[in-house]
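# With the sequence up front, the predicted model follows.
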Amino acid sequence: MILIKTKEEIEIMAEGGKILAKIMKELEKRIKPGIATKELNELSEELILKSGGKCSFKGYGGYPACLCVSLNEQVVHGVPSDRILKEGDIVSLDLGIFYNGFHADMANTLPVGRISSEALRLIRTTKESFKKGLEEIKPGNTFGDIGNAVQELAESQGYGIIRDLCGHGIGRKLHEDPQILNYGKKKTGPEIKEGMVFCIEPMLSAGNWEIKKSPDNYAFQTADSSLSCHFEHTIAVTENGYKILTEI
């Protein structure tokens, strides 16, 4: 069942989302060659606890960290470690906060120093596919409209859509109904209604869409080891469109 949030609940989620967005900005400032991914995790947890929130991911399904840090061929759920960021890497930061009874969730993929034109194009296209999905969020449209918009843009540029992972509803639970695919047909799936709150998160690969578990048994990576990119925001459906809750 897809839950409808009250305006008061959405206001609380927006407060948490704004805090999360500010923390993400602080993490982004630290992205440079030579930093260990565990340092980013330590900072994320420190800032979340200081804000009065809790880490959404830590302990969820046994996940051991506050922040997901996924590098290059890793799509999502990379566990922070002693691994050092290198010039030319691309890195996805995925972070959630539990604040005043509600979750907010967002992700961004960033360059580490100077990156290849191929990697830069992948990041730009994933951002653009996210924007195309956003344009379909309004009452009366369907979740298939979102997936179709993401898919058309991504595939027109020659990229693969990760099909085994998806966006999701969010609220008092980190993952709620519905599952939101990044591919699909127009006018299919549940109808989008005012008061729904969910995360859309295009995940693109420079190769095909197939994935496999990484050696740490938490992260997912592309099966062909091609580069992958991921963007995500928490979004509320308004009377005439949408509002991104995880931005400053």
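Right, received. Where do you want to start? Model, not experiment: these values are computed from the prediction.

# A219 reaches N72, doesn't it?
No - A219 lies out of contact with N72 (CB atoms under 8 Å); the separation is 11.1 Å. All C-beta spots, glycine's among them, are computed from the backbone N, C-alpha and C.

# Next, the buried residues of stretch 77-94.
H77, G78, V79, P80, L85, D89, I90, V91, S92, L93, D94 (16 or more other CB atoms under 10 Å).

# CA atoms only for that stretch, dumped as PDB, please.
Output in PDB follows, covering the C-alpha atoms of stretch 77-94 (Å, rounded to 0.1, in the frame of the first residue of the first chain):
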ATOM      1  CA  HIS A  77      25.900  -0.100  -1.200                       C
ATOM      2  CA  GLY A  78      29.700   0.100  -1.200                       C
ATOM      3  CA  VAL A  79      31.000  -0.300   2.400                       C
ATOM      4  CA  PRO A  80      33.500   2.400   3.500                       C
ATOM      5  CA  SER A  81      37.000   1.000   4.200                       C
ATOM      6  CA  ASP A  82      40.700   1.800   4.000                       C
ATOM      7  CA  ARG A  83      40.300   2.100   0.200                       C
ATOM      8  CA  ILE A  84      41.800   5.400  -1.000                       C
ATOM      9  CA  LEU A  85      40.200   7.600  -3.600                       C
ATOM     10  CA  LYS A  86      42.400   8.000  -6.700                       C
ATOM     11  CA  GLU A  87      42.600  10.600  -9.400                       C
ATOM     12  CA  GLY A  88      40.200   9.600 -12.200                       C
ATOM     13  CA  ASP A  89      37.700   7.700 -10.000                       C
ATOM     14  CA  ILE A  90      34.100   8.400  -9.800                       C
ATOM     15  CA  VAL A  91      32.400   7.900  -6.500                       C
ATOM     16  CA  SER A  92      28.800   7.700  -5.400                       C
ATOM     17  CA  LEU A  93      27.800   8.900  -1.900                       C
ATOM     18  CA  ASP A  94      24.500   7.500  -0.700                       C
END
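
# average pLDDT for that stretch?
What stretch 77-94 shows for mean pLDDT is 98.

# ok, now stretch 33-45?
Rounded mean pLDDT across stretch 33-45 is 98.

# Could you number the chain from 796 rather than 1 from now on?
Sure, I'll start numbering at 796, so the last one becomes stretch 828-840.

# how far out from the middle of the chain is it?
Chain-centre distance of stretch 828-840: 18 Å, with CA atoms, centre = their mean, to the nearest Å.

# now swap in stretch 817-828 and tell me
Counting by CA atoms, centre = their mean, stretch 817-828 comes out at 16 Å from the chain centroid.
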